[in-house]
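> Compute the structure for the input listed below.
(one chain, ligands or ions: 2)
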Amino acid sequence: MITLEEARSLVFASLKVLAPVRRPLANAIGLVAASTIVATEPAPSFTNSAMDGFALRAHDVATSPTRLRIVDVVLAGQSSPIVVGAGEATRIMTGAPLPAGADSVCAREDATVDADGRHVTIERIVPLGDCVRRAGEDLTIGQTLVRPGDVVSAALLGALAAQGVTTVDVRPAPRVGVLSTGNELVDWSAPLGPGQIRDSNRPTLLAALRQSGLEPIDLGAVRDSPTALREAFDGARAHCDAVISTGGVSAGDADYVKVVLGELFAPSARSMQVAIRPGKPFTFAYDESTGTPFFGLAGNPVSTLVGFELFVRPALRFLAGRRDLERATMSMVLDCDLVRQRDGKIHLVHGVCRIHDDGLVHVERLARRGSHLLYAIADANCLVIAPDGDGFVTGDTVRAMVLDDGAMNAVTASGRR
Ligand code: AMP
Ligand code: MG
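Ligands and ions are numbered 1, 2, ... in the order given. The predicted structure is shown next:
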């Protein structure tokens, strides 16, 4: 057996970040920037009003109230040719350019306009520059907007759009092939014959990939035949940035995945017994010619998902150029016992966690354990990492990986859960 950390180091040692591609800005959301972008325009690009109100000279309204003459009105999208002089103001709307001569804005609610609309009484002292958005306040020309490694967020995408940027160099979302293996598998819509089961790993992984912003490719189910597996893996490396298979990596008579990956990708291929439960058997291989990593996960459905979280998801994020590879892991209070025996392995136990009124995150419940019990983990939102030992009792603190942070909130928009 090797440790979880050793297994993970083995995986990460061979990975390379995907080559950059140029993408239309709108398609770059969630991707990692591969080059530097600098601002070519100031933002805001011109000094403008932050409020609907009156553009004026602060000097004129150093006492209050003060009556000013209205000389123009400026709407957003317009500009005024007028120079605001002493004792004058223009009506101005949010986003409209500040007219020459004016240096401050008084919000509409702090002013009273005469019945004839020609004068306005400013009801308060207006500090210099009040309610004015200065050109270049957010960005100046030449300022670095994007550095390689930055993730394109919605706000960054908008800031780039505001600069007139139309394309960006990004690392593509990895295209990840998923294939399941096993003579017992039938497709989801098919009736079951004796000893057959419906393939659940493939839809699970395809969905998990999609949820993680990756691009899944369904490579189908493959029979437990070395020839069929060889063909499937060989074909996948050309058009997949990574390949995940499930099943066929343990000690069974028909477990050919590890054999075939070993043949195809020696010397990189490694069949491991990782000191974790579930998910102990794991095969990793790396195709030097295409740079495609192959993840041979254990076939039991819960083992598959644990392997995905511990090995595959962080590795795929690495390929995508992410610097934040791991899910958040944090201390949580156990509201139940976690029973386990010493066996030299880290146990990974799905659970349901919530933020309680004490401000701490509690693991309220642990899922029934069994690597075949897929439905038992359907509502889990964390994975408790139980180091080798005699387990934990209620009130103990454990470390757990957060699988769904939104589901940690005890209070929802519709009230308490
Ligand atoms: P294996 O690792 O191939 O020995 O499979 C271990 C267990 O997982 C067996 O009970 C398989 O039937 C089951 N299994 C393997 N692949 C799948 C799959 N794609 N969907 C559901 N169960 C599977
Ligand atoms: Mg099998």
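> in the stretch 301-417 of the chain, which spans are strands?
Applying DSSP state E, counting those that start in this stretch to the stretch 301-417 of the chain gives strands spanning 329-334, 346-355, 361-366, 382-386, 397-402, 411-412, 415-416.
> What is the burial count for the residue lying closest to Arg368 once chain neighbours are set aside?
Distance criterion Cβ to Cβ, 6 or more residues apart in numbering; nearest residue to Arg368, sequence neighbours excluded, is Ala376 at 4.4 Å. From N, CA and C alone the C-beta is placed, and that goes for glycine too. For Ala376, the count of nearby residues is 15 (other Cβ atoms under 10 Å).
> Tell me if I'm right that Ala376 and Leu366 touch.
No. Taking contact to mean Cβ atoms under 8 Å, the distance of 9.8 Å between Ala376 and Leu366 leaves them out of contact.
> list residues touching both of the two?
When contacts are counted by Cβ atoms under 8 Å, 6 or more residues apart in numbering, Ala376 and Leu366 are jointly contacted by His350.
> Can you tell me which of the strands of the stretch 301-417 of the chain is nearest to ligand 2?
Shortest separation from ligand 2 across the strands of the stretch 301-417 of the chain is recorded for strand 346-355, at 21.2 Å, computed as Cβ to the ion.
> could you measure Arg327 against ligand 2, distance?
For Arg327, the distance to ligand 2 (Cβ to the ion, to the nearest Å) stands at 28 Å.
> same check, this time on Leu325
Taking Cβ to the ion as the measure, Leu325 falls 29 Å from ligand 2.
> per-residue confidence for that residue?
In the predicted model, Leu325 carries a pLDDT score of 97.
> Could you count how many residues lie near the closest residue to ligand 2 within the stretch 251-400 of the chain?
Closest to ligand 2 within the stretch 251-400 of the chain is Gly299: 4.9 Å, counting by Cβ to the ion. Summarising burial for Gly299: neighbours were counted as other Cβ under 10 Å, giving 25.
> In three-state terms, label it for me.
Under DSSP: H, G, I helix; E, B strand; the rest coil, Gly299 falls in the coil class.
> Next: Ala161.
Ala161 - assigned by three-state DSSP - is helix.
> for the closest residue in space to it that isn't next to it in sequence, what are its contacts?
Excluding its sequence neighbours, the residue lying closest to Ala161 (Cβ to Cβ, 6+ apart) is Leu25, at 6.1 Å. Leu25 makes contact with Leu157, Leu160, Ala161, Val165, Thr166, Thr167, Val168, according to Cβ under 8 Å, 6+ apart.
> got it, and Arg147?
For Arg147, the contacting residues are Ala33, Thr36, by Cβ under 8 Å, 6+ apart.
> And for Pro42?
Shown here is Pro42, whose contacts under the criterion Cβ under 8 Å, 6+ apart are Ala135, Gly136, Leu139, Thr140, Ile141.
> burial count for whatever residue of the stretch 1-150 of the chain ends up closest to ligand 2?
Shortest the stretch 1-150 of the chain-to-ligand 2 distance, computed as Cβ to the ion: residue-wise this is Ala7, at 20.8 Å. When neighbours are defined as other Cβ under 10 Å, Ala7 has 23 of them.
> so when I look at it, I'm seeing a strand, right?
No. Secondary structure assignment places Ala7 outside any strand; it is helix (three-state DSSP).
> what's the helix or strand for the residue of the chain most remote from its centre?
Relative to the C-alpha centroid of the chain, counting by Cα atoms, centre = their mean, Asp116 is the outermost residue, at 56.5 Å. With elements delineated by DSSP states H and E, Asp116 resides in a region that no helix or strand encompasses.
> Show me which residues of this protein sit near ligand 1.
If contacts are counted using Cβ under 6 Å from any ligand atom, the residues of the chain sitting beside ligand 1 are 180, 182, 184-185, 197, 199-202, 246-248, 250, 252, 255, 298-301.
> Pull up the gap between the residue nearest to Glu326 when sequence neighbours are not counted and Pro293, please.
Spatial nearest neighbour of Glu326, excluding adjacent residues (Cβ to Cβ, 6+ apart): Pro314 at 5.7 Å. In this structure, Pro314 and Pro293 are separated by 12 Å, where distance is defined by Cβ to Cβ, to the nearest Å.
> ditto for Leu334
35 Å.
> So for these two, which sits in the more crowded spot?
Neighbour tally, Leu334 and Pro293, criterion other Cβ under 10 Å: the higher count belongs to Pro293, 30 against 23.
> Would you enumerate the residues in contact with that one?
Residues in contact with Pro293, defined by Cβ under 8 Å, 6+ apart, are Val11, Ser14, Leu15, Ala242, Val243, Phe284, Ala285, Tyr286, Asp287, Ala315, Leu319.
> For those, which PyMOL command selects only the ones that are buried?
A single PyMOL command suffices to select whichever of the contacts of Pro293 are buried according to 16 or more other Cβ atoms under 10 Å:
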select buried, resi 11+15+242+243+284+285+286+287+315+319
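> As JSON lines, the contacts of Pro293 with pLDDT and secondary structure would be great.
As requested, those are exported to JSON lines (pLDDT from 0 to 100; DSSP: H, G, I helix; E, B strand; the rest coil):
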{"residue": "Val11", "pLDDT": "98", "secondary structure": "helix"}
{"residue": "Ser14", "pLDDT": "94", "secondary structure": "helix"}
{"residue": "Leu15", "pLDDT": "97", "secondary structure": "coil"}
{"residue": "Ala242", "pLDDT": "98", "secondary structure": "strand"}
{"residue": "Val243", "pLDDT": "98", "secondary structure": "strand"}
{"residue": "Phe284", "pLDDT": "98", "secondary structure": "strand"}
{"residue": "Ala285", "pLDDT": "98", "secondary structure": "strand"}
{"residue": "Tyr286", "pLDDT": "98", "secondary structure": "strand"}
{"residue": "Asp287", "pLDDT": "97", "secondary structure": "strand"}
{"residue": "Ala315", "pLDDT": "98", "secondary structure": "helix"}
{"residue": "Leu319", "pLDDT": "98", "secondary structure": "helix"}
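> Report the two of the contacts of Pro293 separated the most.
Using Cβ to Cβ, the two most remote members of the contacts of Pro293 are Ala285 and Leu319, lying 15.1 Å apart.
> what residue ranges in the stretch 201-350 of the chain score low on pLDDT?
Segments of the stretch 201-350 of the chain classed as low confidence (criterion: pLDDT under 70) are not present in this model.
> How about it: which residue is closest to ligand 1?
For the stretch 201-350 of the chain and ligand 1, the shortest gap (Cβ to the nearest ligand atom) falls at Gly299, measuring 2.6 Å.
> Please report how far that residue lies from Ala89.
Applying Cβ to Cβ, the value for Gly299 to Ala89 is 76 Å.
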